[in-house]
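Peer 1: this one's sequence-less:
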């Protein structure tokens, strides 16, 4: 499959000083991907960008939350390809100049980007109307679902799975953990690992059922044969309402103390914490990989 | 010389799509150093940390500006070593909760850190009194000059210079460029390159003369023999008052367009811009290395 090379060097797999009982944790440092502040979305966009070029599109249109890695990378990719980018940013309550997160400040460096704000509850209609208008203007746009949730994009993590297996050659991996948003990254990993290592996604936003269904949907699209019977594991996020900040800050601090790594609070601190609790209940796991999917602008 | 390993993987040297005439630019991605949001200061602290352990210090005391990479890394290193860290943060006019930069927000995740604010013009007396008080309390503290400006710390970039030469083996490098703050990084590079490649520091704060003297001072300390006659090149920053934001934003945008790399505005956008102007006047340079010294929190 074609791809545009956005990433220039292989990200490290680092054995952490941080341990849980006798379980070794290896971190895939995709937060250090060398394009647009890194993160998992860059891998997805290597495939999406090739498709955009193939279709000769003049513009990317996509949407995401204020903190979305996806919208940041979409804007930078459009800038790199020399095309326009319209981003529909969803917010829950209100947004003003003071609440614009650092993530979108980066987007503002890209001079080809137009941002529309829309309340999450009105998103469906807003997007329908927006795309209809662009169509009526005859604009050859390329629509990307939120999070880059397509089977094409998931190829990026099929490839990453193979890379991780090579990098951990000689280690008998018992499990792989990662945050789960739309499930694209998880679907790619599951596909690439071919039943060799169980993958546990920790949902940071959606219901377990919805994540499961989305991952299953992509896996079916990715495989020609239907008889793959992939195991799909989605864990709930082990943070109760009210304790969020203190537990997340403790998690972030702990990993800074042992390894000097700052986990982003939106995706990775939540899923890393959930992983530690899961491992405490499963001490039989000896060697696990945690995928740091980036999102460092969310720390600020 | 002893060091504490804070860095787990070698940072890439990346050939940029960005070109100036026929000059190829290779970027050393020290912004991707895998500890504490990276940047050049981590290399310096590998040596400083070993010295702290050797002296059994209970506390680091240091100072720096609001945007200083040095203070961020100092706080994280102290956390990693399990000791206290007192940071004297210098500001020009005033500072309040709303003007605390992202860099210091990261420091606030480290629970062992105490911050004192001090106006730059009062810094000298303030620091003298602060250290005298700590002494009178019998605290075994380790004092680090701003920027980590010591010959010991400069070893980190002596080592980096050797690493870069290995990574660019087969390429005849004509020059190396980097931002120059206190000159520690530049002194280390000059020492490590042993006259093989001329190094051009772009001063982002101090006078050329002061940078020159500081670099010369460190180089004399680093070499046993006095007869080294190192060439010290410090370039002025080619940005006039008033045009700062627009020129810097254009520089940042340009590199985002070609390579998806965000330069920090305080150190790297300024020095990268100055390098491009220098190369335009010296088209005989065919292959140059630019050291991206990090500081990405300053983008937010």
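Peer 2: Received it, and whenever you're ready, just let me know what you need. Fair warning: this is a prediction, and the values are worked out from it, not measured in the lab.
Peer 1: hmm, stretch A:80-97 in reach of chain B?
Peer 2: Yes: Stretch A:80-97 is in contact with chain B by CB under 8 Å from any CB of the partner chain, via A:80, A:82. In short, each C-beta sits where N, CA and C put it, glycine included.
Peer 1: please apply the same query to stretch A:147-165.
Peer 2: No: taking CB under 8 Å from any CB as the criterion, stretch A:147-165 and chain B are apart, separated by no less than 14.0 Å.
Peer 1: for stretch A:170-178, same thing?
Peer 2: No: between stretch A:170-178 and chain B, judged by CB under 8 Å from any CB, nothing touches; the nearest distance is 16.0 Å.
Peer 1: quick check: residues of chain A near chain B?
Peer 2: So far as CB under 8 Å from any CB goes, chain A lies against chain B at A:6, A:8-9, A:12, A:14, A:29, A:32, A:34-37, A:76-77, A:79-80, A:82, A:102, A:105-106, A:109-111, A:249, A:252-253, A:256-262, A:296-297, A:299-300.
Peer 1: show me those residues that map onto strands.
Peer 2: A:14, A:29 (DSSP state E).
Peer 1: setting aside sequence neighbours, what's the nearest residue to residue A:157?
Peer 2: Nearest non-adjacent residue to residue A:157, counting by CB to CB, 6 or more residues apart in numbering or on different chains: residue A:188, 2.6 Å away.
Peer 1: please enumerate the strands of chain A.
Peer 2: Using DSSP E, strands in chain A cover A:13-20, A:23-29, A:59-65, A:84-91, A:113-119, A:141-144, A:175-180, A:199-203, A:233-235, A:287-292.
Peer 1: could you list every helix and strand in contact with the helix or strand of chain A with the lowest mean pLDDT?
Peer 2: When each helix and strand of chain A is scored by mean pLDDT, DSSP states H and E, helix A:102-107 comes last, with a mean of 83. When contacts are defined as 3 or more CB pairs under 8 Å, 6 or more residues apart in numbering or on different chains; DSSP states H and E, helix A:102-107 sits against helix A:69-81, strand A:113-119.
Peer 1: if we use 6 Å, what do you get?
Peer 2: helix A:69-81 (3 or more CB pairs under 6 Å, 6 or more residues apart in numbering or on different chains; DSSP states H and E).
Peer 1: centre of the chain versus the helix it packs on, how much separation?
Peer 2: Averaging C-alpha positions (CA atoms, centre = their mean, to the nearest Å) puts helix A:69-81 14 Å from its chain's average.
Peer 1: mind listing what's buried in stretch A:52-69?
Peer 2: A:52, A:57, A:59-69 (16 or more other CB atoms under 10 Å in any protein chain shown).
Peer 1: same list, those, but as JSON lines with pLDDT please.
Peer 2: Shown next, in JSON lines, are these (pLDDT from 0 to 100):
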{"residue": "A:52", "pLDDT": "97"}
{"residue": "A:57", "pLDDT": "97"}
{"residue": "A:59", "pLDDT": "97"}
{"residue": "A:60", "pLDDT": "97"}
{"residue": "A:61", "pLDDT": "97"}
{"residue": "A:62", "pLDDT": "97"}
{"residue": "A:63", "pLDDT": "95"}
{"residue": "A:64", "pLDDT": "92"}
{"residue": "A:65", "pLDDT": "87"}
{"residue": "A:66", "pLDDT": "84"}
{"residue": "A:67", "pLDDT": "82"}
{"residue": "A:68", "pLDDT": "85"}
{"residue": "A:69", "pLDDT": "86"}
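Peer 1: which residues of chain A score low on pLDDT?
Peer 2: A:95-99, A:224-227, A:240-244 (pLDDT under 70).
Peer 1: spatially central residue in it, please.
Peer 2: residue A:40 (4.7 Å; CA atoms, centre = their mean).
Peer 1: just confirm it contacts residue A:293, I think it does.
Peer 2: Yes: here residue A:40 lies in contact with residue A:293, judged by CB atoms under 6 Å, at a distance of 4.0 Å.
Peer 1: quickly list what's touching both of those two.
Peer 2: Residues within reach of residue A:40 and of residue A:293 at once, by CB atoms under 6 Å, 6 or more residues apart in numbering or on different chains, are residue A:30.
Peer 1: so how far is the least confident helix or strand of chain A from its chain's centroid?
Peer 2: For helix A:102-107, the distance to the chain centre is 17 Å (CA atoms, centre = their mean).
Peer 1: how many neighbours does the residue lying closest to residue A:196 once chain neighbours are set aside have?
Peer 2: Residue nearest to residue A:196 in three dimensions, not counting chain neighbours: residue A:165, with 6.8 Å by CB to CB, 6+ apart. For residue A:165, the neighbour count with other CB atoms under 10 Å in any protein chain shown is 17.
Peer 1: how about residue A:92?
Peer 2: 10.
Peer 1: do the same with residue A:146
Peer 2: 19.
Peer 1: now the stretch 101-250 of chain A against chain B: closest residue?
Peer 2: Nearest residue of the stretch 101-250 of chain A to chain B (CB to the nearest CB) works out as residue A:102 at 3.8 Å.
Peer 1: grab the nearest non-local neighbour of that residue.
Peer 2: residue B:300 (3.8 Å).
Peer 1: what number of residues lie near that neighbour?
Peer 2: The burial count for residue B:300: 18, using other CB under 10 Å.
Peer 1: quick one: it and residue A:299 touch, right?
Peer 2: No: applying CB under 6 Å, one finds residue B:300 not in contact with residue A:299, separated by 8.8 Å.
Peer 1: thought the residue nearest to residue A:157 was touching residue A:158?
Peer 2: Yes: if you go by CB under 6 Å, residue A:188 and residue A:158 touch, sitting 4.6 Å apart.
Peer 1: out of these two, which sits in the more crowded spot?
Peer 2: Neighbour tally, residue A:188 and residue A:158, criterion other CB under 10 Å: the higher count belongs to residue A:188, 29 against 21.
Peer 1: for the more buried one, give me its contacts.
Peer 2: Residue A:188 sits in contact with A:154, A:157-158, where contact means CB under 6 Å, 6+ apart.
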